[in-house]
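Q: Following is a predicted model, sequence given first.
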Amino acid sequence: MKEYAFIFDMDGVIVDSNPYHKISLNQFCKKYGYALSDEELLKRIYGRTNKEWIVNLFGPLPAAQLAAYAYEKESLYREVYQQDIQPVAGLVNFLEQLEVSGIRRAIGTSAPRENVDFTLTRTGTSHFFPIILDESHIAHGKPNPEIYIKVAAALGLPPSQCVVIEDSLSGITAGQQAGAKVIGITTTHTADELKHTDLVISDFNGLSPEKMLNSLFGGN
């Protein structure tokens, strides 16, 4: 029997954090004289690494300045979110089912490690994820498939035996181009906008990993 694994994006999947990223992004951009529409946030920023969207906004920057901007923005994000952070509905129960079933789990995110530690510590989910790849592990952010190809390799499985759970369009493209099955979660986009995925969910309530795998892979 084949083994399968679930790979979780973090922002919008582990936590519904994009509203708080939006607040911190707007504060950060306003400080430096930029105003981004919701459409620009979706297309240019969500799912991408800091080094990518900051350069898109400011143009080429010295490495030290780029790092300083990224640190400033993410510090703002953690500050505005720290009192409200909680896991997406049903997530913890779903992770417990995966653990009991012995199904491998990993995180593949474009976020910096500081945000990963902040998120997993605050939600009490660190122990569910033995494998975590963040922005420091990749040269190319989503929609490039690099992150999910590398996570699958770390899991010891081909991407074709992995299920990626994503909220962003760039992340969905990355998962699909890596060769994984992709589940879209509607924290950031509507179900209609995610209809090109293999399965669409609103949260993790009532979900069975075994039933999902059987649906996605036909019981193989």
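A: Noted; the coordinates are in hand. These numbers come from a predicted model, not from an experiment. Numbering: from 1, shown residues only.

Q: buried residues in the helix or strand of the chain with the lowest mean pLDDT?
A: Each helix and strand of the chain was given a mean pLDDT (mean pLDDT, DSSP states H and E); the minimum falls on helix 38-40 at a mean of 83. Going by neighbour count (16 or more other CB atoms under 10 Å), the buried part of helix 38-40 is residue 40. C-beta here means a position set from N, CA and C on the backbone, and glycine is covered the same way.

Q: doesn't residue 182 make contact with residue 176?
A: Yes: between residue 176 and residue 182 there is a contact under CB atoms under 8 Å: 5.5 Å.

Q: which one of the two has more residues nearby?
A: Taking other CB atoms under 10 Å, residue 176 and residue 182 do not tie; residue 182 has more neighbours (25 against 20).

Q: Is that one bridged to anything, and to what?
A: residue 164 (DSSP bridges).

Q: how far away is it from residue 199?
A: From residue 182 across to residue 199, the span is 8 Å (CB to CB, to the nearest Å).

Q: Check residue 126 too.
A: Residue 126 is 26 Å from residue 199, by CB to CB.

Q: same deal with residue 28?
A: 34 Å.

Q: returning to what we had before: if we look at the helix or strand following the least confident helix or strand of the chain, which residues are touching it?
A: Using DSSP states H and E, the helix or strand that follows helix 38-40 in sequence is helix 50-58. The contact list for helix 50-58 (CB atoms under 8 Å, 6 or more residues apart in numbering) reads 29, 32, 34, 44-45, 61, 66, 69-70, 73-74, 112, 135, 141.
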